[in-house]
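Student: Quick one: sequence and predicted model below, then my questions.
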Amino acid sequence: GVDHPCDLNIVANRAKFAADFELEANKAKIDVADEMSLAAKISDGARLYVKAAGNLTLGAEQSAWNLCVIRAVAKSLHIETGHAIWTEDSSIADNKPVPNEDVCTATLAAAESIEKFRKHMDTKENRLVYFDAAIVAFDDVYLHKQSRLWVAGLLLCAGKSAEIEPGVLLKTSGRGQGPGRGPATGETLLNDVCGAGGASSFALGGSGVEYTASCLKVCAKSGWVTRFTYGSSIPTAAASGGGCGVETEKCNRLQRDKQHPSAGGGLIWISADTLHTVDDVHMSADGNAGALVEDGDGVSGGGAGGQIIMFLRALKVEHALVLSAQGGNAECDTDKNIASGAGAGGFVGISWRNEMIEQPSAGVRVGVGGGDLELDCEQFVP
């Protein structure tokens, strides 16, 4: 992002920032005693902290913000139709498994004050797990049609209901550990002609192979399986990336790639009394596919799937809700006859907080499978 010389600290009774207004700052903190509409353009890479005691509307129709972090809290919070919020250069790599409790309980308690809220979300000692995007409402959260959140770690807390309209995309795919990183990353063999191993998670990823027209030779192992005790903890550790398949210097360049090849999936955490989704809502924390590394020097493995966690009393689904934490696909090098391993699938967990369960009125599709082979490789790899 662009460096700006100042931080902004705005306190008001009410506030309206029009879509043609430019808010330029490294860090912007806006605290409003009543309602706020924030449709302004915001500096790339900014840290945004906003609180409204009444309703808060973020973004303008068909607009986008590219931020470092966002922390937003209000009585009721809306993300405008078609508005996109992206984060770059943020990481959840230090996340570890947490106790089996809803982090939104402590977050809502801290959200009474914008400064307390900021410290709770940003200070390592005050949090169980890191999120670069926190969308928090004491009552209701509304994600309007075609709005998008593409971040590393998403925390959505609603004291009452979370209403998600058609075409909404919540995506943390490829925002976990980078290639060659994490405790379950795939193996790289530099002295052999071999694709890198895929990342493992709660199951094994795929092995890197050398192949002929009729057979496969396994040569690079996947990572180690991650284990956790169900009921005592929640598996929020950042998903591992696939093996790099190349030497350290080229692996470092691969890790800096903005497309996040071979990276593990990120984290989505949603807590509400009622989650209501309408028609074609997608939440994805998939691992990213492996890649053919520059100059044809190697093939990286698929990243492991991340995590989608929900604490709910009732789930109402109209048409279809897709929850995906799948492993990233394997890639191949048809000149060297090698292929990498795919990433293992991640974790989707839904906790019902009382006995009154309202059954979904339509389908919930959950995907936590391992990755596959990229389509352009299928005709070559037996």
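Tutor: In hand now; what should we look at?
Student: CA only for contacts and neighbour counts going forward, please
Tutor: Will do.
Student: Tell me where the stretch 1-150 of the chain has helices.
Tutor: Listed in chain order, the helices of the stretch 1-150 of the chain (DSSP state H, counting those that start in this stretch) span residues 103-110, 114-122.
Student: So which of those helices is nearest residue 69?
Tutor: Proximity to residue 69, assessed across those by Cα to Cα, is greatest for helix 114-122 (9.6 Å).
Student: what comes into contact with that closest one?
Tutor: Helix 114-122 has contacts (Cα atoms under 8 Å, 6 or more residues apart in numbering) with 31, 49, 50, 51, 71, 107, 110, 111, 126, 127, 130, 131.
Student: out of those, which is most surrounded?
Tutor: Scoring these on neighbours with other Cα atoms under 10 Å, the highest-scoring entry is residue 51 at 30 neighbours.
Student: how close does that residue get to residue 63?
Tutor: Computed as Cα to Cα, to the nearest Å, the residue 51 to residue 63 distance reads 21 Å.
Student: OK, contacts around the residue nearest the centre of the chain?
Tutor: The geometric centre of the chain, computed from its C-alpha atoms, lies nearest to residue 172 (Cα atoms, centre = their mean), at 2.0 Å. Under the criterion of Cα under 8 Å, 6+ apart, the contact partners of residue 172 comprise 150, 151, 152, 153, 154, 265, 266, 267, 268, 284, 285, 286.
Student: Just name the most buried of the helices of the stretch 1-150 of the chain.
Tutor: Burial of the helices of the stretch 1-150 of the chain is given as mean neighbour count (mean count of other Cα atoms under 10 Å); helix 114-122 ranks first at a mean of 18.
Student: Using PDB, write out every CA atom in that one.
Tutor: The C-alpha coordinates for helix 114-122 follow below in PDB (Å, rounded to 0.1, in the frame of the first residue of the first chain):
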ATOM      1  CA  ILE A 114     -13.400   1.300  20.100                       C
ATOM      2  CA  GLU A 115     -10.000   1.400  21.900                       C
ATOM      3  CA  LYS A 116     -10.700  -1.700  24.000                       C
ATOM      4  CA  PHE A 117     -11.900  -3.400  20.800                       C
ATOM      5  CA  ARG A 118      -8.800  -2.500  18.900                       C
ATOM      6  CA  LYS A 119      -6.500  -3.800  21.700                       C
ATOM      7  CA  HIS A 120      -8.600  -7.000  22.000                       C
ATOM      8  CA  MET A 121      -8.200  -7.700  18.300                       C
ATOM      9  CA  ASP A 122      -4.600  -6.500  17.700                       C
END
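Student: pLDDT of that helix, averaged?
Tutor: For helix 114-122, mean pLDDT is 91.
Student: ok and it relative to helix 103-110, angle-wise?
Tutor: Direction vectors for helix 114-122 and helix 103-110, defined by axes from the mean of the first three to the mean of the last three Cα atoms, to 10 degrees, enclose an angle of 150 degrees.
Student: Just checking, which of the contacts of helix 114-122 comes out lowest on pLDDT?
Tutor: Lowest in pLDDT among those is residue 126, which has 61.
Student: now the residue nearest to the centre of the chain: how far from residue 318?
Tutor: Taken as Cα to Cα, the spacing of residue 172 relative to residue 318 amounts to 23 Å.
Student: Please apply the same query to residue 184.
Tutor: Between residue 184 and residue 318 the distance is 37 Å, computed by Cα to Cα.
Student: same question, residue 168
Tutor: With distances defined as Cα to Cα, the gap from residue 168 to residue 318 amounts to 13 Å.
Student: The two: who's more crowded?
Tutor: A side-by-side neighbour count of residue 168 and residue 318, using other Cα under 10 Å, places residue 168 first with 25 against 19.
Student: No further questions, thank you.
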